[in-house]
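Visitor: here is the input, now give the coordinates:
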Amino acid sequence: LGANGAGKTTTLKAISNLLRAERGEVTKGSIVFNGQRVDNLSPHQLVRDGCIQVMEGRHCFAHLTIEENLLTGAYTRRDGKAAVAQTLEKGLFDGLFIADVLGPYSVYGGTSEAAIRTGAQTPVNDPFLLVSAMAAVTEHLGFGVTAGTAYEHPYPFARRLATLDHLTGGRVGWNVVTGYLPSAAQNMGQDDQMEHDERYEHADEYLDVVYKLLEGSWEDDAVVYDKESGVFADPAKVHDIAHEGRYFTVPGHAVTEPSVQRTPVIYQAGASTRGRAFAGKHAEAVFINSPTKELAAATVKKIRQALVDAGRDPYDVKIFAMQTIVTGATDEDARAKYDDLAQYVDPLGGLVLMSGWMGIDLSQYDLDEPIGDVKSNAIQSTVETFQKASGTDEEWTVRKLAEWVGIGGFGPVIVGGGESAARQLVEWADETDVDGFNLAYHITPGTFEDIVEFVVPELQKLGRYKTAYTDGTLRHKLFGRGDHLPQNHHGASFALRRR
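Guide: Residues are numbered from 1 along each chain as shown. You can find the predicted model right below:
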């Protein structure tokens, strides 16, 4: 029951879609009302008494619509991904970044049981296939796809990159990772990962092979489409790359013709000394994750210096800082949303992720054990950083550490109305020298819908956010210098146009 526009019809449709499949069969989903399962009740019986509490085994959030709550379980459905992509394009986002892992988080307790139980980045779908669905319903939005260099040969991988760049019209970026989960190495037939610095040596050669295939194999005018002669491409303009290196031997040419960008935009997120050197050589965009402005500014400075050391301009790379925003029409609305979210934080899930991130098994500590009693320099240092970000000096326990990363992970969290959130973003940009933000979500698509509705207009009023897309590829949108790698980029040295 409710006034016009309260959502009665929407609720009925949502319940009907959940309870009935196309052939009228009952699905695996369940509905719980006031703690009691009500799968056997009709939609009318459900609606007449009030609201739905739980859907498909997942708690619903009071501040979300029925559709938003349904979509929290839609990571396997095309419509859920499409809705997110369309929301981001409505808000003029540059791109959607998809993180990825190839193995479960198994550092906590030495098994993957806790990761499975809590859904801590497990299960996870193939990001390349997700992009195709989202690109089909958008025109401008870019896509940053995470893929590792450790477990797939660069020859077929280069084809996957080129294919996706073709299908999206040049809207693809590649987030290069060298791998960090032992479970991924073990499931790929290895005892463990390569040593840290060797992973970057391996990745350097991996990218060289990809550059040679995408930049140095097919000339720009190799494809002629000559109907009269029946010639599709001129063989004299398709070249074998003849690569022989320490890790790879690739004698032949690429099996795809050049895509719009040839090489997709190269993203990277390594923060170590070796990782920054890798970014200086290869990256066009870098993700950082620092909980305070001071740490972020220091990291940005080191990255820009790495580009100078590699012979590039320090601003040839766009640096995006991780940021989580909980917002609403007012500061009070935003705080209420945050408090609502906080009650659903799963400490076990937080510890599972942190164990993987830090390489330390946190299951050996009691949840209520004071951090001061934990004999680990890495944990002590992490908590010290979080305490500084939180602005409190209270004693932290292992539980509080887990709850802190429950919303926003290692990154900072902004809680405020649209005007307040926009102002804080501008302060971060001005004080740290970042170029933009990699916005994490707490609820999808609700997080992004709120940002588009409340934060984007305020940033536009401040003159700090675009009001329309630039036409062209992802690279051109980011840098305004055309579709291909710039001449001073390492990958461009393999381009045929430079021979």
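
Visitor: which element follows the longest strand anywhere in the chain toward the C-terminus?
Guide: When the chain is parsed with DSSP state E, its longest strand is strand 318-326. Next in sequence after strand 318-326, counting helices and strands by DSSP states H and E, comes helix 331-342.

Visitor: now the angle from that next one to strand 318-326?
Guide: 90 degrees (axes from the mean of the first three to the mean of the last three Cα atoms, to 10 degrees).

Visitor: please, which helix or strand holds Glu419?
Guide: Going by DSSP H and E, Glu419 is in helix 418-432.

Visitor: the very next helix or strand once past that helix - contacts with which helices or strands?
Guide: For helix 418-432, the following helix or strand on the C-terminal side (DSSP H and E) is strand 436-440. Strand 436-440 makes packing contacts with strand 318-326, helix 418-432, helix 446-450 when contacts are defined by 3 or more Cβ pairs under 8 Å, 6 or more residues apart in numbering; DSSP states H and E. All C-beta atoms are positioned from the backbone trio N, CA, C, and that covers glycine.

Visitor: got CSV for these, with distance to His196 too?
Guide: What follows is the helices and strands packed on strand 436-440, written out as CSV (distance: least, Cβ to Cβ, whole Å):
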stretch, distance to His196
strand 318-326, 22
helix 418-432, 26
helix 446-450, 33
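
Visitor: kindly reformat the ones you listed as TSV containing mean neighbour count, distance to Val456 and mean pLDDT.
Guide: Shown next, in TSV, are the helices and strands packed on strand 436-440 (neighbours: other Cβ atoms under 10 Å; distance: least, Cβ to Cβ, whole Å; pLDDT from 0 to 100):
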stretch	mean neighbour count	distance to Val456	mean pLDDT
strand 318-326	23	11	96
helix 418-432	18	8	98
helix 446-450	22	10	94
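
Visitor: go through those and name the closest to Leu462.
Guide: helix 418-432 (6.2 Å; Cβ to Cβ).

Visitor: okay, the angle between the closest one and strand 436-440?
Guide: Using the same axes, to 10 degrees: helix 418-432 against strand 436-440 is 130 degrees.

Visitor: just the CA trace of helix 418-432, in CSV.
Guide: These are the backbone C-alpha positions of helix 418-432, laid out as CSV (Å, rounded to 0.1, in the frame of the first residue of the first chain):
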residue,chain,number,x,y,z
GLY,A,418,27.1,16.2,-3.4
GLU,A,419,28.6,19.6,-2.7
SER,A,420,30.7,18.4,0.1
ALA,A,421,32.0,15.4,-1.8
ALA,A,422,32.8,17.5,-4.8
ARG,A,423,34.8,19.9,-2.7
GLN,A,424,36.8,17.1,-1.1
LEU,A,425,37.6,15.6,-4.5
VAL,A,426,38.9,18.9,-5.7
GLU,A,427,41.1,19.3,-2.5
TRP,A,428,42.5,15.8,-3.1
ALA,A,429,43.4,16.6,-6.7
ASP,A,430,44.9,20.0,-5.9
GLU,A,431,47.0,18.8,-2.9
THR,A,432,48.2,15.5,-4.4
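
Visitor: how near is Ala133 to Arg171?
Guide: When Cβ to Cβ, to the nearest Å is the yardstick, Ala133 and Arg171 sit 14 Å from each other.

Visitor: err, Val352, not the other one
Guide: 33 Å.

Visitor: go on, Tyr225?
Guide: 24 Å.

Visitor: next one: Gln193
Guide: Gln193 is 31 Å from Arg171, by Cβ to Cβ.

Visitor: the two - which one has more neighbours?
Guide: In terms of neighbours (other Cβ atoms under 10 Å), Arg171 is the more surrounded of Gln193 and Arg171; the figures are 28 against 18.

Visitor: how close does that one sit to Asp94?
Guide: 10 Å.

Visitor: which residues are common contacts for those two?
Guide: Counting by Cβ atoms under 8 Å, 6 or more residues apart in numbering, the contacts common to Arg171 and Asp94 are 142, 474.

Visitor: please report phi then psi for Thr263.
Guide: phi -90, psi 120 (degrees, to the nearest 10).
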